[in-house]
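Engineer: This is a predicted model, with the sequence first.
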Amino acid sequence: MRRLSIGFIPLTDAAVVIACAERGFAAAEGLRLDLHREVSWANIRDKVNVGLLDGAHMLAPLAIASSLGLGHVRVPLVAPFALNLNGNAITVANALFEAMQATGEDLAGAEGAARALGQVARQRLEDGQDPLTFATVYPFSTHTYMLRHLLAAAGLDPDRDVRLVVVPPPYTVENLRSGLIHGFCVGSPWNSVAVEAGVGRVLLLGSEIFARAPEKVLGVHARFANSEPGVLAQLVRALDAAARWCDQPQSHEELAALLAEPRHLGLPRDMLTRALAGRLKGAGEAIARSDVDFLVMHRNGANRPDPAHALWIYSQMVRARQAQFSADAAHEAMQVYQPALYDGALGTHGAPSAVEPDPVGTRFGMPFRPEDIEGYLAEVDRG
Amino acid sequence: MTADPALRIVIVDESPLRAAILEEGLREAGYRNVLRLPERHDLLARLHAIDPDVIVIDLEDPSRDVIEQMFQVSREVKRPIAMFVDQSDSSTIAAAIDAGVSAYIVDGLKKERVKPIIDMTISRFRAFARLREELEQTRTELEERKTIDRAKGILMKMKGLDEPQAYALLRRTAMNEKRRLVDIAQSVITAAELLK
């Protein structure tokens, strides 16, 4: 039985790799997965790079940044499998939420929330106060791009009108409580942790900003994909079976118990069950925000890596000025996502359903146009 | 002498003991500008203010991702580029990760100037890990000794044995059951407590 070392960060969307290792899906493909819980995305990248990990639960933008050599030495990575779509939320401190409510805007909708945020942020600057500070988990992350998209919709310059910092998920609650940050965009279940600690309110679910945002992928070194395509195909099949199981509502109780174990996430089981169902608590006991597509682990072709998603990520890097646009780099970014490896392993052919014009389903602001990325980038943040 | 005394080196480590061991090693090697940051509070702002040439951080510290923010912004002129100077030097990277250390180095520093720092850090991290292991082992041995002594006492009292006989009984049972002596001793203690 071939053994593989797989890294993960303790988040709800590590579910597919954890279930794959622990519920027999890997064994059914003749694999044994040794799970390694890691504390930082930088660790995940570096351990995959030097071969201490064969593959990992990885932020999709990290896989692309690594392959392009952005901010770090170039490490060519391949994503043969998308672990999930969506799963993030934006949480703000109670005081900021109340200030936003006082603007009279309707915070139930994303556009109202954006307008309220813009008003409060500008008022602070006019009053000579420090700018609002928002945190994400890593510079190259969907979290960063979601937050920046919301800020842009609020008429704010994310680099001038607010401060953006990185805070590791386990520190988000104490940072929000101490006032070092006013809000954050982070993966499940850390938004719920902040709400249940009484320090923040969920402002928007990620799926209220983009309906189908790429999130985590299985990231492997290109050298592994090239040298052992058979083993990688076994892994893709095992993950696909695990993802199908994870995505079924009847599995959620058992899955939440598995994730809640101290060696995995070590967080309350009830909170994880709600996160899997896309039901996030507000203040008190009420379910404040709910969306069945809050976290998508398998359905609607979620696992097949869509190169248009890689292109969207690259375009957001350019938008955030993490990268300078070049057609070559855009092409290289798309090459990280390998639907051919997915199709080869599972015997599927092409995208399952009619493709939407906007592959990420932008809910407000300018829709993404993969066929005209230069036009999109020229227009998206103008005015 | 390869050491460049003017290099600004920051150690980010929540373990004061290891940080002290590292700092001492770097100072012995001739580096004068060595600074310890024991807290993660507002780490990025403090690093910006210090503007170090080299940052050394424990691999198991989640704040690594905070430091990575320093080099995502392409507009900054001076910034750390990478965990290591040269991506071709993968054996050094592997050795460092294996030892549990990560180091961020400002773009433009020559490999020759950084290598002694990295090598020293790796060896100190290893020495610290060994130290901790030995300490842990000593503590475990001490606890096991106490467990065995308690079990011997129980056997002596309940079965009227002397000390060598009690020890021989424990040892024989452990061999017969293919279990560790301390596990048998623990069973004796548990049983005695149940029968109290």
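Structural biologist: Here it is on my side, so go on.
Engineer: tell me which helix or strand of the chain sits lowest on mean pLDDT?
Structural biologist: Answering for chain A, as no chain was given. Lowest by mean pLDDT, DSSP states H and E among the helices and strands of chain A is strand A:287-290, with a mean of 74.
Engineer: Actually, chain B is the one I wanted.
Structural biologist: Across the helices and strands of chain B, mean confidence by mean pLDDT, DSSP H and E is lowest for strand B:80-82: a mean of 47.
Engineer: pLDDT below threshold where in chain B?
Structural biologist: Within chain B, the set of residues satisfying pLDDT under 70 comprises B:1-3, B:71-89, B:107-108, B:111.
Engineer: the domain parsing of it - what is it?
Structural biologist: Per the TED database, the structural domains of chain B span B:9-109, B:134-195.
Engineer: Make a markdown table out of those and add mean neighbour count and distance to chain A.
Structural biologist: For glycine as for every other residue, the C-beta is placed from the backbone atoms N, C-alpha and C. Rendered in a markdown table, the data for those read as follows (neighbours: other CB atoms under 10 Å in any protein chain shown; distance: least, CB to the nearest CB, whole Å):
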| stretch | mean neighbour count | distance to chain A |
| --- | --- | --- |
| domain B:9-109 | 18 | 3 |
| domain B:134-195 | 14 | 20 |
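Engineer: Can you lay out these as JSON lines showing distance to residue A:356?
Structural biologist: Output for the domains of chain B, formatted as JSON lines (distance: least, CB to CB, whole Å):
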{"stretch": "domain B:9-109", "distance to residue A:356": "30"}
{"stretch": "domain B:134-195", "distance to residue A:356": "56"}
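Engineer: for those domains, which one sits closest to residue A:330?
Structural biologist: Closest approach to residue A:330 among the domains of chain B (CB to CB): domain B:9-109, 16.4 Å.
Engineer: The closest one: end-to-end distance?
Structural biologist: Taking CA to CA, to the nearest Å as the measure, domain B:9-109 stretches 13 Å from start to finish.
Engineer: roughly how far is that domain from the heart of the chain?
Structural biologist: 16 Å (CA atoms, centre = their mean, to the nearest Å).
Engineer: do stretch A:109-123 as well
Structural biologist: The answer for stretch A:109-123 is 23 Å, by CA atoms, centre = their mean.
Engineer: Kindly report the same for stretch B:174-181.
Structural biologist: 33 Å.
Engineer: what sits up against that stretch?
Structural biologist: B:148, B:170, B:171, B:183, B:184 (CB atoms under 8 Å, 6 or more residues apart in numbering or on different chains).
Engineer: Pull the most distant pair out of the residues you listed.
Structural biologist: Across the contacts of stretch B:174-181, the two members that end up farthest from each other (CB to CB) are B:171 and B:183, 12.3 Å apart.
Engineer: contacting residues around the host helix or strand of residue A:42?
Structural biologist: In this structure, residue A:42 is located in helix A:41-50 according to DSSP states H and E. Outside helix A:41-50, the residues within contact range by CB under 8 Å, 6+ apart are A:7, A:9, A:36, A:38, A:53-59, A:62, A:66, A:72-73, A:75, A:77, A:137-138, A:141, A:219-221, B:59-60, B:64-65, B:67-68, B:83, B:90, B:93-94, B:97, B:102.
Engineer: For residue A:25, which non-adjacent residue is spatially closest?
Structural biologist: residue A:242 (4.1 Å; CB to CB, 6 or more residues apart in numbering or on different chains).
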